[in-house]
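[1] Pasted the sequence and its predicted model underneath.
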2 protein chains.
Amino acid sequence: MTSIPTLEDIKLAAEKIRPYVRRTPVFTSQTFNNWTGSKIFFKTENFQKGGAFKFRGACNTVLSLTDEEKKMGVTTHSSGNHAQALALVSKMVGIKAYIVMPSNAPKVKKYAVLGYGAEVIECEPTLQAREANVKKIIAEKGSVLVHPYNDYRIIAGQATCAMEFIEEIRDLEIMVAPVGGGGLLAGTSLTCNYISDKIDVFAGEPEGANDAFLSLQKGEIVPSLNPDTIADGLLTSLGDKTFPIIQKHVTEIITVSDNEILDAMKKVWERMKIIIEPSSAVPVAAVLKNPDKFTGKNVGIILSGGNVDLENIRF
Amino acid sequence: MTSIPTLEDIKLAAEKIRPYVRRTPVFTSQTFNNWTGSKIFFKTENFQKGGAFKFRGACNTVLSLTDEEKKMGVTTHSSGNHAQALALVSKMVGIKAYIVMPSNAPKVKKYAVLGYGAEVIECEPTLQAREANVKKIIAEKGSVLVHPYNDYRIIAGQATCAMEFIEEIRDLEIMVAPVGGGGLLAGTSLTCNYISDKIDVFAGEPEGANDAFLSLQKGEIVPSLNPDTIADGLLTSLGDKTFPIIQKHVTEIITVSDNEILDAMKKVWERMKIIIEPSSAVPVAAVLKNPDKFTGKNVGIILSGGNVDLENIRF
């Protein structure tokens, strides 16, 4: 896929990945409605296979490979949900996955990837080392790079989440997603734009990694330098494929502090009895912080994932 | 209701409480199926209103009161889920609730009950003080005692959970519930017995509060003396209304240690991304501990509630 996904592309992606993904349920909470004065719907991608929406994009990309490419396997560098997603879909489809991970990545994440049968290549914890190792693997194995977000197949895959959401909740007026590299946000905003001119798309972003907020302000990609936030899924910079889509279709990016993220996460755990990771709590925090922007509206929040290291959680 | 609920009674209870309760979803997990070699279905009463199945029984009891009784309000002594459930349904129906709580009950629980608009009466943390205070309230206010489990209206209400479960998953062969005072277990075993002779009912019980296990062994109620377990919803003794039903219809009670309970709870949080309280993890631990008893079967586990004090959780 060499250009911005069309509605047809997103529909095709949805059809292609249907046998593999979970159609995640939509939750509501009277308490959250009372708190915000709006009607909130939560799309629970924390229940997605592999524990996060990332499975959608990885699945669409792997299923889009030629047979020749599949034989050679796939590669990525990631210590997070994309690594798990790519490892899991590779296992389901029966191809090799080579995952480059920094040597300081949490052991649980490494074991999860190994548990899905992928090969883990450890390297020094620098971007340079990660990229060099990916290059080496690709040269050695002939495997295909699957980028975590800056790829139209990934964007089309992530876009299927908003499509399911709109199919189920017909009268959404606002959709809110987190933004890191921008794959989910770009996909979400494309779907909303194609399907209805009545759905505004907002994003939540951590103050400690507010490069997307700054990028929209400046009109060009501002890289994420020394990000510092508990929302560890949202540390990366936008890509040249995600940024233009976001610039065109996203109404506003709301930034929130780590305290606000942690508070929103605790509220979801306590009141809704579901586990979401800090990155997922970012759009929730954005809505709780600015209820006026959402008053009286039907608001769809994408809860992006639920992979937390429980041993590190202290409320 | 003065005798053991019939199938008709349970159906009536289900109809009566339908506008108030949540029809909780049934979850599955490939990982748990792999671990146990059986096909497990989880009925998620942690998503029930008030955060636990207790709402069903409290709701059925309150809705069964005469108009005269409703005017006088309801009373119970409890520091747990029954208190919250009774307070919540009283608020919904518009009657007064007087909840006697020991002065050392967790503040979160007290605030939850107050948040539902009930009146909290604090007393010394002894059973005698609690019972004396309940008597005093009833004498003063003329309110009706709503016992947490030893009441046929409560049992009929809790029995509706298994009914929904069987309606949704037609080919269950085993159902597993936790046992404390026995309201849920008695109701579950009645429903299973009425609807199908093919469903065996098991219970999970903490080793540190194994009075129900001992009661079945001895053939009479063995009181729960100095119970010591993290499953704080399962500390009470069986009642003279719950015990005979359990004795007649329950196949086996499996006891589990606090470590096994905590391990099962963590597994559910991590793999299923849902919050369950320690008491809910007890039947899960029972199945994980004895996979041979369940091999190849369709097993329904009732996840009884999700009210945990997150600040006290340390994995």
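    Received the coordinates, thanks. Keep in mind it's a predicted model, so treat the numbers as computed, not measured.

[2] all helices of the stretch 201-315 of chain A, in order?
    With helices called from DSSP state H, counting those that start in this stretch, the stretch 201-315 of chain A shows them at A:211-218, A:242-249, A:258-272, A:278-289.

[3] okay if I get those as TSV plus mean pLDDT, mean neighbour count and distance to chain B?
    All C-beta spots, glycine's among them, are computed from the backbone N, C-alpha and C. As requested, these are exported to TSV (pLDDT from 0 to 100; neighbours: other CB atoms under 10 Å in any protein chain shown; distance: least, CB to the nearest CB, whole Å):
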stretch	mean pLDDT	mean neighbour count	distance to chain B
helix A:211-218	98	19	26
helix A:242-249	98	20	26
helix A:258-272	97	20	6
helix A:278-289	98	27	10
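
[4] For B:Val299, find the nearest of the ones you listed.
    helix A:258-272 (25.9 Å; CB to CB).

[5] got a list of contacts for that closest one?
    A:27, A:29, A:31-32, A:42, A:206-208, A:229-231, A:256, A:274-278, A:280-282, A:284-285, A:288-289, A:303, A:315, B:275, B:310 (CB atoms under 8 Å, 6 or more residues apart in numbering or on different chains).

[6] Which PyMOL command selects the buried ones in these?
    Buried residues among the contacts of helix A:258-272 (16 or more other CB atoms under 10 Å in any protein chain shown), as a PyMOL selection:
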select buried, (chain A and resi 27+29+32+42+206+207+208+229+230+231+256+274+275+276+277+278+280+281+282+284+285+288+289+303) or (chain B and resi 275)
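
[7] What about the contacts of helix A:258-272, which are in strands?
    Among the contacts of helix A:258-272, the residues falling in strands (DSSP state E) are A:27, A:42, A:206, A:256, A:303.

[8] Now the first one: closest residue in space that isn't a chain neighbour?
    Closest residue in space to A:Phe27, ignoring its immediate chain neighbours: A:Phe42 at 4.4 Å, by CB to CB, 6 or more residues apart in numbering or on different chains.

[9] Let me see the contact set for the one you found.
    If you count contacts by CB under 8 Å, 6+ apart, A:Phe42 has them with A:26-29, A:272, A:300-301, A:303.

[10] ok, now how distant is it from A:Ser279?
    Distance, A:Phe42 to A:Ser279, using CB to CB, to the nearest Å: 15 Å.

[11] pLDDT score for the residue nearest to the spatial centre of chain A?
    For chain A, A:Leu184 is the residue whose C-alpha lies nearest the centre (CA atoms, centre = their mean; 4.8 Å). Listed pLDDT for A:Leu184 reads 98.

[12] With the one 3 residues further on instead?
    Listed pLDDT for A:Gly187 reads 98.

[13] Next up, phi/psi of it, please.
    When read as degrees, to the nearest 10, the backbone of A:Gly187 gives phi -60, psi -40.

[14] List the residues that contact it.
    Neighbour list for A:Gly187: A:5, A:10, A:57, A:155-162 [criterion: CB under 8 Å, 6+ apart].

[15] Of those residues, which are in range of chain B?
    For chain B, no contacts are drawn from those by CB under 8 Å from any CB of the partner chain.

[16] Could you single out the nearest of these to chain B?
    Taking CB to the nearest CB as the measure, chain B lies nearest A:Cys161 of these, at 16.0 Å.

[17] does that closest one really touch A:Glu45, like I thought?
    Yes - counting by CB atoms under 8 Å, A:Cys161 does reach A:Glu45; the two are 6.2 Å apart.

[18] Between these two, which has more neighbouring residues?
    Applying other CB atoms under 10 Å in any protein chain shown to A:Cys161 and A:Glu45 shows that A:Glu45 carries more neighbours, namely 31 against 26.

[19] Does the more buried one touch A:Glu164 like I think?
    No - applying CB under 8 Å, one finds A:Glu45 not in contact with A:Glu164, separated by 9.9 Å.

[20] Mutual contacts of the two, please.
    Common neighbours of A:Glu45 and A:Glu164, using CB under 8 Å, 6+ apart, are A:Thr24.

[21] Close to chain B: what parts of chain A are there?
    A:25, A:46-47, A:51, A:266, A:269-270, A:273-276, A:306, A:310-311, A:313, A:315.

[22] tally of neighbours for the residue of the stretch 51-200 of chain A found nearest chain B?
    Across the stretch 51-200 of chain A, no residue is closer to chain B than A:Gly51, which sits at 6.6 Å (CB to the nearest CB). Burial of A:Gly51 is recorded as 25 neighbouring residues (other CB under 10 Å).

[23] For A:Val108, see how far away the closest residue to it other than its chain neighbours is.
    Once flanking residues are discounted, A:Gly51 sits nearest to A:Asn307: 4.3 Å by CB to CB, 6+ apart. Here the criterion is CB to CB. By it, A:Asn307 lies 9 Å from A:Val108.

[24] hang on, the earlier thing: and A:Tyr116, which of the helices of the stretch 201-315 of chain A is closest to it?
    That would be helix A:278-289 among the helices of the stretch 201-315 of chain A, by CB to CB, at 20.7 Å.

[25] for A:Met92, what are its contacts?
    Residues near A:Met92 by CB under 8 Å, 6+ apart: A:Tyr20.

[26] what about it, helix or strand, and which?
    Remark: A:Met92 resides in helix A:81-93, with elements defined by DSSP states H and E.

[27] Let me know the angle separating that helix from helix A:278-289.
    Interaxial angle, helix A:81-93 versus helix A:278-289 (axes from the mean of the first three to the mean of the last three CA atoms, to 10 degrees): 120 degrees.

[28] Please save the CA atoms from the helix or strand of chain A with the lowest mean pLDDT in CSV.
    Lowest on mean pLDDT, DSSP states H and E among the helices and strands of chain A sits helix A:107-115, with a mean of 87. C-alpha atoms of helix A:107-115 as CSV (Å, rounded to 0.1, in the frame of the first residue of the first chain):
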residue,chain,number,x,y,z
LYS,A,107,11.8,-9.3,31.3
VAL,A,108,8.0,-9.9,31.2
LYS,A,109,7.9,-8.3,27.8
LYS,A,110,10.8,-10.4,26.5
TYR,A,111,9.1,-13.6,27.9
ALA,A,112,5.8,-12.7,26.3
VAL,A,113,7.4,-12.3,22.9
LEU,A,114,9.4,-15.6,23.4
GLY,A,115,6.2,-17.2,24.5
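
[29] Show me what counts as buried in that helix.
    A:109-110, A:112-113.

[30] and whichever helix or strand comes after that helix, what other elements does it pack with?
    Downstream of helix A:107-115, the first helix or strand assigned by DSSP H and E is strand A:119-123. The contact analysis (3 or more CB pairs under 8 Å, 6 or more residues apart in numbering or on different chains; DSSP states H and E) places strand A:119-123 against strand A:97-102, helix A:107-115, helix A:127-141.

[31] List the neighbouring strands of strand A:119-123 plus their orientation.
    Strand pairing for strand A:119-123, using DSSP bridges, gives strand A:97-102 (parallel).

[32] Run through who's touching the partner strand.
    With CB under 8 Å, 6+ apart as the test, strand A:97-102 has contacts from A:73-79, A:83, A:86-87, A:90-91, A:109-110, A:113, A:116-126, A:129-130, A:133-134, A:137, A:141, A:143.

[33] Could you do stretch A:211-219 as well?
    Under CB under 8 Å, 6+ apart, the answer for stretch A:211-219 is A:179, A:182, A:185, A:203, A:205, A:221-225, A:227, A:237-238, A:243, A:246-247, A:250, A:253, A:255.
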